[in-house]
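K.L.:
here is a sequence with its predicted model. Questions after.
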Amino acid sequence: MNKIYDAIIIGAGFAGATVARQLADVGKSVLVIEKRNHIGGNAYDYYNSDGVLIHKYGPHIFHANNQKVFEFVRKYTDWYDYQHKVVANVHGKEMPVPFNLNSLYIAYDEEKAKRIEQKLIEAYGAEQKVTILELKKNTDPELKELAQYVYDNVFVYYTMKQWGKTPEEIDPNTTARVPVFISRDDRYFQDSFQGMPKDGYTKIFDNMLAHENIEVLTGVDALDKLTLDDGQILFEGEVFDGDVVYSGAVDYLFGNCYGSLPYRTLDFVFETFNKDYVQSHGTINYTVSEDYTRITEFKHMTGQVLQGKTTTCKEYSKSYSGAEDEIPYYAIINEENNALYQKYFEKAQQYKNLHLIGRLAEYKYYNMDAIIERALDLASKLCPEV
Ligand code: FAD
Ligand code: UDP
């Protein structure tokens with residue numbers, strides 16, 4: 001291959017595709033290398049053999065507060081207005097999650113719920129959010145009882161399934177994503193922009209990457225083409241001076257030289273039913289029973305109109321073993337793992353034209369909007385004309 005690229009981007013998820021498009025728009029020639037046989041990363045969706053639009057790597061709901069991010073994605077798709085709502089199945093009873101005032105009135109009789117509501121408002125304020133670990137510190141006997149109820153019925157079993165650890169043993173920012181909400185608002189997210197891409201996520205990536213300055217290779221592991229050697233990056237054996245943006249796992253990039261970073265992976269089990277719908281909400285969390293964490297029914301989220309067929313997805317979480325068929329989905333954030341990540345990060349710093357971005361490359365818990373924001377910033381840093 002004689003073609004000279006200005007930049008090589010590894011990974012065609014939101015991180016890679018966003019940087020690629022931004023650079024291409026200002027005239028840079030970009031090669032995107034994607035290991036999977038499709039673009040879109042974990043946001044990839046497709047129509048299954050029953051004609052149902054499903055998310056191959058688990059349910060993805062777009063939500064953002066950053067106007068710049070929303071403006072960017074809006075260029076590549078129209079949006080279907082969808083406000084995600086989740087319920088927990090608690091011994092057969094459905095209760096809004098995050099646990100809120102509506103959940104409170106399901107959990108307790110009216111008189112007690114009213115009293116607790118008042119106490120919550122006095123302690124934290126109306127329409128405020130309080131994390132379960134904070135609420136557990138409250139010394140009022142009834143709020144203490146509530147905290148224990150929410151901990152037992154919403155958090156502990158689900159968290160054990162998802163992380164193999166209790167809420168106290170994991171990064172507090174993780175459970176803080178789903179705080180107790182002193183509100184009647186049943187939505188999972190309160191961001192100002194929420195929705196689902198009208199034609200699915202993959203179409204966004206098709207549109208973003210369809211550019212004369214972008215070449216995309218799928219089904220190719222970038223490490224078969226690139227070599228990192230003593231501060232220099234070689235592309236097909238020759239020194240490559242352009243920018244290299246890497247959105248895969250950083251330990252893999254360096255041959256696990258300091259040891260493997262721990263991750264959680266997921267098994268997705270899809271089932272199709274000859275019915276219009278099988279459950280009440282897009283996602284039901286199983287917080288006190290079952291081995292899977294949640295079941296998602298895609299049609300609720302995608303707004304797809306299709307009669308007589310519906311597909312659901314159960315998620316089973318387990319520790320990532322590094323096996324060929326497993327994908328690392330979640331960094332396990334704690335002091336020890338962050339310290340190991342730091343060693344890889346410092347190694348990466350030795351390569352001046354190498355840029356790490358993404359959930360795996362940065363070993364962080366990023367949502368799509370946060371990754372797009374990071375990618376827009378990185379593209380501007382690499383190329384001030386962006
Ligand atoms: P990815 O999407 O993982 O893309 C990285 C790409 O790099 C992959 O396609 C990978 O194959 C490729 N790659 C890696 N190594 C190599 C290599 N050596 N050579 C070539 N290619 C390589 N976010 C939300 O905002 N809302 C949600 O509802 C939501 N739900 C989620 C549900 C689940 C189950 C999971 C796992 C994540 C969810 N997310 C959600 C987060 C979202 O998936 C991420 O924010 C987003 O995927 C990050 O994009 P990325 O480009 O960093 O990573
Ligand atoms: N969580 C929980 N019960 C729930 C929902 C969430 O215990 O019903 C905890 C769990 O530890 C989970 C974390 O809160 O990993 C974050 O949940 P979120 O839905 O944000 O996780 P995501 O699916 O987006 O990774």
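P.N.:
On my side now, so go ahead. Computed from a predicted structure; not experimentally measured. Residues are numbered from 1 along each chain as shown. Ligands and ions are numbered 1, 2, ... in the order given.

K.L.:
who in the stretch 251-386 of the chain is up against ligand 1?
P.N.:
Residues of the stretch 251-386 of the chain lying near ligand 1 by Cβ under 6 Å from any ligand atom: 266, 329, 358-359, 366-369, 371. (Glycine included, C-beta is placed from N, CA and C.)

K.L.:
out of those residues, what pair is the most spread apart?
P.N.:
Leu266 and Asp369 (21.0 Å; Cβ to Cβ).

K.L.:
rewinding a little: in CSV, list the residues of the stretch 251-386 of the chain next to ligand 1 along with pLDDT, distance to Ala24 and secondary structure.
P.N.:
As requested, those are arranged in CSV below (pLDDT from 0 to 100; distance: Cβ to Cβ, whole Å; DSSP: H, G, I helix; E, B strand; the rest coil):
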residue, pLDDT, distance to Ala24, secondary structure
Leu266, 98, 32, strand
Tyr329, 98, 28, coil
Gly358, 96, 19, coil
Arg359, 95, 23, coil
Tyr366, 96, 23, coil
Asn367, 98, 25, coil
Met368, 98, 20, helix
Asp369, 98, 22, helix
Ile371, 98, 18, helix
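
K.L.:
switch those over to a markdown table; also include neighbour count and distance to ligand 2.
P.N.:
Compiled in a markdown table, these are given as follows (neighbours: other Cβ atoms under 10 Å; distance: Cβ to the nearest ligand atom, whole Å):
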| residue | neighbour count | distance to ligand 2 |
| --- | --- | --- |
| Leu266 | 21 | 9 |
| Tyr329 | 17 | 8 |
| Gly358 | 26 | 15 |
| Arg359 | 25 | 10 |
| Tyr366 | 18 | 10 |
| Asn367 | 18 | 7 |
| Met368 | 23 | 11 |
| Asp369 | 20 | 12 |
| Ile371 | 24 | 13 |
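
K.L.:
residues near Gly27, how many?
P.N.:
By other Cβ atoms under 10 Å, 10 other residues sit near Gly27.

K.L.:
give me the nearest residue to it, chain neighbours excluded.
P.N.:
Asn213 (6.7 Å; Cβ to Cβ, 6 or more residues apart in numbering).

K.L.:
which ones are touching that neighbour?
P.N.:
Applying Cβ atoms under 8 Å, 6 or more residues apart in numbering, we find Asn213 in contact with 23-24, 27-30.

K.L.:
distance check, it against Val32.
P.N.:
11 Å (Cβ to Cβ, to the nearest Å).

K.L.:
just give the number of residues close to the residue of the stretch 151-300 of the chain found nearest ligand 1.
P.N.:
Nearest residue of the stretch 151-300 of the chain to ligand 1 (Cβ to the nearest ligand atom) works out as Gly248 at 2.3 Å. Close neighbours of Gly248, defined as other Cβ under 10 Å, add up to 24.

K.L.:
so it touches Ala12, yeah?
P.N.:
No: using Cβ atoms under 8 Å as the test, Gly248 is too far from Ala12 to be in contact (10.9 Å).

K.L.:
in the stretch 201-350 of the chain, which spans are helices?
P.N.:
With DSSP state H, counting those that start in this stretch as the criterion, the stretch 201-350 of the chain has helices at 201-209, 250-253, 298-302, 335-349.

K.L.:
for Gly200, which non-adjacent residue is closest in space?
P.N.:
Using Cβ to Cβ, 6+ apart, the closest residue to Gly200 is Asp45 (4.6 Å).

K.L.:
and Asn274, by the same measure?
P.N.:
That would be Gly308: by Cβ to Cβ, 6+ apart, it lies 5.8 Å from Asn274.
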